[in-house]
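J.: A structural model of the following input is requested.
(2 chains)
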Amino acid sequence: MAGRRLVGPLTLSLMALLALVVLAAGVGSVQLGPAEVLAATGRGLEASLRDLVGLAPAAEVSALDPGRRVADTIVWQIRLPRVALAALVGAALALAGAGFQGVFRNPLADPYLLGAASGAGFAASLVMVAGGTLGLMGNFSVPLAAFVGASATVLVVVSLARRGWTLPVVPMVLAGVVVGSCLAAGTSFVLLAAREQAAGILTWLLGSLAFASWERVGSVLPLVLVAAVALLSAARALDVLQLGESAAAQLGVPVEALKLTVVAAGTLATAAAVSVAGVIGFVGLVVPHAVRLALGPDHRRLVPIAALWGAGFMVLADLVARTVIAPAELPVGVVTALVGAPFFLMLLRRGSAA
Amino acid sequence: MNVAAAHPAAPAGAVASTIAAAEVLRLDGVHAGYGRRQVLFGVDLEVRAGEVVGVIGPNGAGKSTLVSVVSRLLPLSAGDVRVEGRPLERYGRRALAQRLAVVPQAARLPDGFLVIEVVRMGRTPFVGLWRGAGPEDEAEVERAMRQTGVWGLAERPVERLSGGERQRVVLARALAQRPRVLLLDEPTSHLDLRYQAELLRAARAAAAEGVGVLLVLHDLNLAARVCDRLVLITDGRVVASGPVSEVLAQGRLERAYRTDVDVFATPRGPLVVPRV
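T.: Just a heads-up that it's a prediction; the model follows:
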């Protein structure tokens, strides 16, 4: 029996991700060691749990020395939400990329192939121009607009491309490109028309995790989990799909249902990521590719490990984004592109040499 | 290669004694086409367990359409296709894949997968969503790989296979489905003589185990060597059907292919050569 194992690489990837999280939560204007980070995390978690079940804060909290209290605030209130959101966004984009590359049977597919980014960008820029709030939604207006914009765009693309109950792949990609271009043009127009908000919109479009909070983590987590479960359960069928659609159908794979499931799950993950972090490029393209190169194309390993590597890559990229020109920040999308583009070129050269 | 041992030297007639075997595939008055363009006009044929039936005919006669119809990629416009007595459209996807396996003309083998992983995909109709391949699935995979002589290549990535090896891997994947009907569409095109022989021997070995094989071939002489019966299709109709030496008759072939041919009788059956 062929020995391609899942547990080993999965455990190693998980440990590496946790190490990265602890590192990232410790680095910043106030440097904290791993022990301090872990202790502060433990206390933050305990306080939140007590809060959750309605218990009074632990007695010794108020007795803490001020330095410790500052560390607790920095780790639990500022850095960890941001690190957790980075990890979630990276995992979501890598999951979507792995799914799209599998369903389109093309390693160049990425989460934004069907126009999710342009849709989110257009909707978000409109809301920002309108003052950044939608009625009662407050701080969640832009994320909500982005999420709806991304999902609605993919829905339009899918309904343009469908033939009856089938979803042909090439028309879907073409429709994605066309609809995406239209919306990107719309966004450019909004940018030009709204000069004073242009910088804010541009920052959002380039992707940033500066607005991270536990609420945002909580709002995205269930969406990403649903997408992950759907993609994991489609993994075996995605492997068979690589034989071609008709061969997969002849092996009993419900090809159309599979395509629809993966496109829906990928779009859910992408829309969730874009809604809280803007349009972050290259993660969804490069990470699944790298996993495939390192561990092979088997989706039952590719999907979960791409999620972990995507999370790790994003935590690292955001760490770079907020430290290289501190106290100022780079948009994290710029960092992923700067790292991702050369890496991708390398992959392309290797691909054409083979 | 242990496939040679599974099957005696002279194939034609070797299975003739099992002629009373169950019918596993039957086509009755099959009409089919693409939109308004009809390609098949009332095709009848049947395949019994243990026999190899060859479908021959000129380019454009409808051989590929026939394959699409039987593999349920193209709906019928009239007529009836039955697998083990049951109409094709009454099968669920998995139930059909447990009975009918297809080796397509230009099979894709996705880069990066190992040979054994590709063959294991043949067990797709038998495994569940989350449950991995069990011991009985692994046993079927090994059996199919040994039968096609690719067991030794199990851990090799498919992109490092030769053309002949690839085609045998595709056949192994089909045999791992433990089909009752095996449909082969031009499996030997682009293969040299040795690989043609190896592949067809493996197909015969499958028939010897009771699989009904429907083999689409454009090479008449290969068809003559490997098939128990031949079905000659021209312009979407069956124009001859029966024992190899009956179907490969000079006048009949000249009308079907619209060119002059010589048919030589040899100790191993007829040999067809076009006049140039």
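J.: what's the pLDDT at B:Thr18?
T.: Predicted confidence (pLDDT) at B:Thr18: the value is 45.
J.: could you do B:Leu129 as well?
T.: Model confidence at B:Leu129, given as pLDDT, is 62.
J.: if I look at A:Ser275, how far off is chain B?
T.: A:Ser275 is 30 Å from chain B, where distance means C-beta to the nearest C-beta, to the nearest Å. C-beta here means a position set from N, CA and C on the backbone, and glycine is covered the same way.
J.: check which residues of whatever helix or strand that residue lives in are buried.
T.: Here A:Ser275 sits within helix A:255-277, counting by DSSP states H and E. By neighbour count on 16 or more other C-beta atoms under 10 Å in any protein chain shown, the buried set for helix A:255-277 is A:255-256, A:258-277.
J.: pLDDT on it, on average?
T.: Mean per-residue pLDDT for helix A:255-277: 94.
J.: likewise for stretch A:303-322?
T.: Mean predicted confidence for stretch A:303-322 is 95.
J.: does chain B have contacts with that stretch?
T.: No: against chain B, stretch A:303-322 shows no contacts by C-beta under 8 Å from any C-beta of the partner chain, the least distance being 13.2 Å.
J.: CA atoms only: put that stretch into CSV for me.
T.: The C-alpha trace of stretch A:303-322 is given here as CSV (Å, rounded to 0.1, in the frame of the first residue of the first chain):
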residue,chain,number,x,y,z
VAL,A,303,-6.8,20.7,1.6
PRO,A,304,-6.1,20.5,5.3
ILE,A,305,-2.4,21.2,5.0
ALA,A,306,-2.9,24.1,2.6
ALA,A,307,-5.2,25.6,5.3
LEU,A,308,-2.5,25.4,7.9
TRP,A,309,0.3,26.7,5.6
GLY,A,310,-2.0,29.5,4.5
ALA,A,311,-2.6,30.5,8.1
GLY,A,312,1.1,30.4,8.9
PHE,A,313,2.1,32.3,5.8
MET,A,314,-0.5,35.0,6.5
VAL,A,315,0.6,35.3,10.2
LEU,A,316,4.2,35.8,9.0
ALA,A,317,3.2,38.2,6.2
ASP,A,318,1.2,40.3,8.7
LEU,A,319,4.1,40.3,11.1
VAL,A,320,6.4,41.7,8.4
ALA,A,321,3.7,44.2,7.3
ARG,A,322,3.4,45.7,10.8
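J.: residues in contact with B:Ser162?
T.: When contacts are counted by C-beta atoms under 8 Å, 6 or more residues apart in numbering or on different chains, B:Ser162 touches B:Tyr195.
J.: got it, and the one 3 residues further on?
T.: The neighbourhood of B:Glu165, defined by C-beta under 8 Å, 6+ apart, consists of B:150, B:153.
J.: repeat that for A:Gly312.
T.: Contacts of A:Gly312 (C-beta under 8 Å, 6+ apart): A:13, A:16-17, A:20, A:87, A:90.
J.: of the residues you listed - the most surrounded one?
T.: Within the contacts of A:Gly312, most neighbours by other C-beta atoms under 10 Å in any protein chain shown means A:Gly90, with 32 neighbours.
J.: spatially nearest residue to that residue (excluding sequence neighbours)?
T.: Spatial nearest neighbour of A:Gly90, excluding adjacent residues (C-beta to C-beta, 6 or more residues apart in numbering or on different chains): A:Met314 at 2.5 Å.
J.: give me the element that neighbour is part of.
T.: Taking DSSP H and E as the definition, one finds A:Met314 inside helix A:299-323.
J.: list the contacts of the residue sitting nearest the centre point of chain A.
T.: The residue lying closest to the centre of chain A (C-alpha atoms, centre = their mean) is A:Val89, at 2.8 Å. For A:Val89, the contacting residues are A:209, A:220, A:273, A:276-277, A:280, A:314, by C-beta under 8 Å, 6+ apart.
J.: next one: phi and psi at it?
T.: Per-residue torsions, A:Val89: phi -60, psi -40 (degrees, to the nearest 10).
J.: ditto for B:Ala249
T.: Per-residue torsions, B:Ala249: phi -100, psi 150 (degrees, to the nearest 10).
J.: hang on, isn't it packed against B:Ala265?
T.: No: judged on C-beta atoms under 8 Å, B:Ala249 makes no contact with B:Ala265 at a distance of 11.0 Å.
J.: settle it for me: which of the two has more neighbours?
T.: Between B:Ala249 and B:Ala265, B:Ala249 has the larger neighbour count (other C-beta under 10 Å), namely 16 against 9.
J.: tell me the pLDDT of the more buried one.
T.: B:Ala249 is assigned 90 on the pLDDT scale.
J.: apart from its chain neighbours, what residue comes closest to it?
T.: Spatially, and ignoring its direct neighbours in sequence, B:Ala249 is nearest to B:Val263 (6.8 Å; C-beta to C-beta, 6+ apart).
J.: ok, that neighbour - contacts?
T.: Residues in contact with B:Val263, defined by C-beta under 8 Å, 6+ apart, are B:248-250, B:253, B:270-272.
J.: quick one, helices of the stretch 151-300 of chain A?
T.: Secondary structure of the stretch 151-300 of chain A, counting by DSSP state H, counting those that start in this stretch: helices at A:169-193, A:195-206, A:214-233, A:235-241, A:245-250, A:255-277, A:283-295, A:299-323.
J.: what's the answer for the stretch 51-200 of chain B, then?
T.: Under the criterion DSSP H, counting those that start in this stretch, helices of the stretch 51-200 of chain B are mapped to B:63-70, B:93-97, B:115-120, B:135-147, B:163-176, B:193-208.
J.: just send those helices back as a markdown table, with mean pLDDT too.
T.: Shown next, in a markdown table, are the helices of the stretch 51-200 of chain B (pLDDT from 0 to 100):
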| stretch | mean pLDDT |
| --- | --- |
| helix B:63-70 | 92 |
| helix B:93-97 | 92 |
| helix B:115-120 | 94 |
| helix B:135-147 | 92 |
| helix B:163-176 | 92 |
| helix B:193-208 | 90 |
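J.: mind putting those in JSON lines, distance to B:Asp44 included?
T.: As requested, the helices of the stretch 51-200 of chain B are exported to JSON lines (distance: least, C-beta to C-beta, whole Å):
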{"stretch": "helix B:63-70", "distance to B:Asp44": "11"}
{"stretch": "helix B:93-97", "distance to B:Asp44": "21"}
{"stretch": "helix B:115-120", "distance to B:Asp44": "34"}
{"stretch": "helix B:135-147", "distance to B:Asp44": "31"}
{"stretch": "helix B:163-176", "distance to B:Asp44": "25"}
{"stretch": "helix B:193-208", "distance to B:Asp44": "21"}
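J.: if anything else comes up later, I'll come back, but that's it for now.
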